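**Student:** Next come a sequence and a model predicted from it.
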Amino acid sequence: MSTITLSKANRIISAAFAKGKELELAPLTVVVLDAGGQPVSVQRQDGSSMLRFDIATGKAWAALALGMGSRKVGAIAVERPHFFQGLSGVSGGRMVPVPGGVLVRDRKGAIIGAVGVTGDTSDNDEACAVAGIEAAGFTPDAG
């Protein structure tokens, strides 16, 4: 199984920031987690607000915890609120159920981590995560 090296994680972040610049988005924060949910790299653009690290981490962590992009996690939160409330409780409130948390898959399809992006609309955050993952040579799974 592949892993996300520091070099690849920084490539993800750099490409996510480049996509944000191309789209003229608000300042972003990007978190890259390994398959165990531990940070490999985190960066925030100047002007990114103080809770953005926690939001980006919550998006990526939710994707890893449930094995699906945070867009799908958000759908579950709407469709099955009691179930999601339970998930939120057992996770210590760590899950952020909105788009912007994208799984990272290797060439064989194995989940090797997740990327969380926040700062603009959730759809734009997700687009930046996808661009970053693709730029690093991995397959994004936004769910």
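**Tutor:** Perfect, I can see it now.

**Student:** make it CA atoms for all contacts and neighbour counts henceforth
**Tutor:** Noted.

**Student:** All the strands of the chain, in order from the start?
**Tutor:** Here the chain has its strands, by DSSP state E, at 29-34, 39-44, 101-105, 111-118, 139-141.

**Student:** pull the CA atoms of the second one into CSV?
**Tutor:** Output of strand 39-44 as CSV, limited to C-alpha atoms (Å, rounded to 0.1, in the frame of the first residue of the first chain):
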residue,chain,number,x,y,z
PRO,A,39,-1.6,15.1,9.9
VAL,A,40,1.1,14.8,7.3
SER,A,41,1.0,18.5,6.4
VAL,A,42,-1.1,21.6,7.1
GLN,A,43,-0.9,25.0,5.6
ARG,A,44,-3.1,28.1,5.8
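
**Student:** relative orientation of that strand and strand 111-118 in degrees?
**Tutor:** Going by axes from the mean of the first three to the mean of the last three Cα atoms, to 10 degrees, strand 39-44 is angled at 20 degrees with respect to strand 111-118.

**Student:** which helices and strands sit right next to strand 39-44?
**Tutor:** helix 6-22, strand 29-34 (3 or more Cα pairs under 8 Å, 6 or more residues apart in numbering; DSSP states H and E).

**Student:** and the ones you listed, which is most packed in?
**Tutor:** With neighbours defined by mean count of other Cα atoms under 10 Å, none of the helices and strands packed on strand 39-44 is more surrounded on average than strand 29-34, at a mean of 30.

**Student:** Report the separation between the residue nearest to residue 76 when sequence neighbours are not counted and residue 58.
**Tutor:** The shortest distance from residue 76 to any residue that is not its chain neighbour, by Cα to Cα, 6 or more residues apart in numbering, is 6.9 Å, and that residue is residue 84. Between residue 84 and residue 58 the computed distance is 14 Å (Cα to Cα, to the nearest Å).
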